[in-house]
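Trainee: The sequence and its predicted three-dimensional model are supplied below.
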Amino acid sequence: VPAERFERQLVPTADGGTLAIDWLQPCRASDGPPPLVVLGVPGAGQNTTGRGFTPTVLTALTCSGLLPAGVRCGVLVYQGHGGLPLTSSALPGSGYVAGDDLGEALRAARARHPAAPLVVVAGSLGTAIASNWVARHAEEAARLRVAGLLLFAFGHSVRQTVVSSDSYLLGM
C-alpha cells in the first residue's frame, strides 16, 4: 500500500501522547458521508500503515467492490510508531492492551465521521487491544456506534504470542 494513499490524522491523547489514524483514500468515491467507517488495529512490530496484513486487508476491502462505494478505512498508528514521538508511557506491549488509545482513536473517527457506523478490524496484538477496550467500555462503544469487531490472527497460544511480541518489541 503506497504511503501516498494515506492521509494522516494526528490524535492527541489524554496522557500527553500522540497517536494517529492513517486514512486510506477510497478507491471508489461517492457523494455524501461514508456509509461505513472501518478502523484497523494492527499487530505489533512492522505491521504499520502501508505494510503488513491489516492495511492490506483494508485496501482489499475498499478496492474490491465488496463494500459500498465511499467506505472510509483508517489504520491506527500506535504512539512511538510510524514516525510518531513517544511522549507518554503508552508502549504497545502487554500493558498497552489496557490503555485507552483505541478509545481515543474511535472518538476521533466518530468526530470526523459523525453519521457512519464504526467497525473495528484487528489483527494479532490488535485483537487483544480491541477486545479488551470494548469489554471494559461497552457503554461507550455503544454510544460511539461501534457496530462490530472483526478479529483475526489472534493466535492459539499465550506463550507463542508473548514470545513473538517480545521478539518484535526488543524484549519489552
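Mentor: On my side now, so go ahead. Given the structure is predicted, the values throughout are model-derived calculations rather than measurements.

Trainee: drop to CA atoms for contacts and neighbour counts, all remaining ones
Mentor: Will do.

Trainee: where exactly do the strands run in the protein?
Mentor: 6-12, 18-24, 37-41, 72-77, 118-123, 146-152 (DSSP state E).

Trainee: Need these in CSV (columns: distance to Arg136 and mean pLDDT).
Mentor: Formatted as CSV, those follow (distance: least, Cα to Cα, whole Å; pLDDT from 0 to 100):
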stretch, distance to Arg136, mean pLDDT
strand 6-12, 21, 92
strand 18-24, 20, 91
strand 37-41, 17, 92
strand 72-77, 19, 91
strand 118-123, 15, 91
strand 146-152, 14, 88
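
Trainee: leaving aside the residues next to it on the chain, what's closest to Tyr78?
Mentor: Using Cα to Cα, 6 or more residues apart in numbering and skipping residues adjacent in sequence, the residue nearest Tyr78 is Leu19, 5.4 Å away.

Trainee: How many residues are close by that neighbour?
Mentor: Neighbour count of Leu19, defined by other Cα atoms under 10 Å: 25.

Trainee: before we move on, what about the one 3 residues further on?
Mentor: The local packing of Asp22 (other Cα under 10 Å) involves 25 other residues.

Trainee: Then Ala14?
Mentor: Number of residues near Ala14 (other Cα under 10 Å) recorded here: 11.

Trainee: how close does it sit to Arg112?
Mentor: 18 Å (Cα to Cα, to the nearest Å).

Trainee: What segments of the chain are helices?
Mentor: Applying DSSP state H to the chain gives helices spanning 53-63, 101-112, 125-136, 138-143, 158-168.

Trainee: and the most centrally placed residue in the chain, what does it touch?
Mentor: Computing the C-alpha centroid of the chain and ranking residues by Cα atoms, centre = their mean puts Val41 first, at 2.7 Å. Applying Cα atoms under 8 Å, 6 or more residues apart in numbering to Val41 gives the contacts 54, 75-76, 120-123, 126-127, 129-130.

Trainee: repeat for Phe152
Mentor: 121-124, 127.

Trainee: Perfect, that will be all.
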